[in-house]
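S.K.: got a sequence here, can you build the structure:
(chains A and B)
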Amino acid sequence: GENVEQHPSTLSVQEGDSAVIKCTYSDSASNYFPWYKQELGKRPQLIIDIRSNVGEKKDQRIAVTLNKTAKHFSLHITETQPEDSAVYFCAASIGDYKLSFGAGTTVTVRA
Amino acid sequence: GAGVSQSPSNKVTEKGKDVELRCDPISGHTALYWYRQRLGQGLEFLIYFQGNSAPDKSGLPSDRFSAERTGESVSTLTIQRTQQEDSAVYLCASSLTGGLSYEQYFGPGTRLTVT
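M.R.: Below is the predicted model:
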């Protein structure tokens, strides 16, 4: 089945700096790649997603890039703020309706 | 409108007891997922319901786990003869229809602790 590797597991950045999280996947048929943010004690929430027909997508300070040939995708957060502190999960689609999730990256933004 | 709700929010049970977890999806959402999230790990797919189709149970880890959904409403996840390795947060998510064209909205989860 699909195997999604996510790195790093923890990331500490200075406020205002950028944060980058990388994921790799194994199933070449995967065509949908969402990113979820989970604040401490709260539910996961979708922050951005990308489908395989595009290589990059941006939404304000958040961007995602996809390299289908290399089977990896990345989340970029620019101008980080304290409210960006959370656990971030990447996921890759399996078939028509399932998602395989990475293990998560705990991001801490230092004021 | 109301989001996905789950109950109880926390459950502590003794090893060997049965537990039942409940999920109320967003009204009108036909697709419903259950996930397990162990401490420090990602979400693990358990089961998928879509309308009146047969559920995809391929993620259930053992025959002690079962789930039901009545029509397009409430779902219950039952764990029989609980074991300590069942301790985790169980998350439910719903989406407007099946497939991945629509966002999955998550509930707050049920934190299960088996002592």
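
S.K.: how many residues are close by the residue lying closest to B:Asp18 once chain neighbours are set aside?
M.R.: Spatial nearest neighbour of B:Asp18, chain neighbours left out: B:Gln80 (4.8 Å); criterion: C-beta to C-beta, 6 or more residues apart in numbering or on different chains. In short, each C-beta sits where N, CA and C put it, glycine included. When neighbours are defined as other C-beta atoms under 10 Å in any protein chain shown, B:Gln80 has 14 of them.

S.K.: got it, and B:Asp63?
M.R.: B:Asp63 has 7 neighbours, counted by other C-beta under 10 Å.

S.K.: same question for B:Thr115.
M.R.: The burial count for B:Thr115: 10, using other C-beta under 10 Å.

S.K.: that older thread, how far away is the residue nearest to B:Asp18 from B:Ala31?
M.R.: B:Gln80 sits 26 Å away from B:Ala31, going by C-beta to C-beta, to the nearest Å.

S.K.: cool, and A:Asn3?
M.R.: As judged by C-beta to C-beta, A:Asn3 and B:Ala31 stand 24 Å apart.

S.K.: so in chain A, which strand runs the longest?
M.R.: Of all the segments assigned as strand in chain A under DSSP state E, the longest by residue count is strand A:86-94.

S.K.: pull the CA atoms of that strand into CSV?
M.R.: Output in CSV follows, covering the C-alpha atoms of strand A:86-94 (Å, rounded to 0.1, in the frame of the first residue of the first chain):
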residue,chain,number,x,y,z
ALA,A,86,1.1,23.3,15.2
VAL,A,87,1.6,19.7,13.9
TYR,A,88,1.4,19.5,10.1
PHE,A,89,0.5,16.3,8.3
CYS,A,90,0.9,15.6,4.6
ALA,A,91,-1.2,12.9,2.9
ALA,A,92,-1.3,11.2,-0.4
SER,A,93,-4.3,9.6,-2.1
ILE,A,94,-4.8,5.8,-2.4
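
S.K.: quick one: average confidence on that strand?
M.R.: What strand A:86-94 shows for mean pLDDT is 96.

S.K.: and that strand, which residues are buried?
M.R.: Neighbour-count burial for strand A:86-94 flags A:Ala86, A:Val87, A:Tyr88, A:Phe89, A:Cys90, A:Ala91, A:Ala92, A:Ser93, A:Ile94 (criterion: 16 or more other C-beta atoms under 10 Å in any protein chain shown).

S.K.: just checking, the second one touches A:Thr108?
M.R.: What that stands for is A:Val87. No - when contacts are counted by C-beta atoms under 8 Å, A:Val87 is not listed as touching A:Thr108 (10.3 Å).

S.K.: more crowded one of A:Asn3 and B:Ala31?
M.R.: Using other C-beta under 10 Å as the criterion, A:Asn3 and B:Ala31 rank with B:Ala31 on top: 22 against 11.
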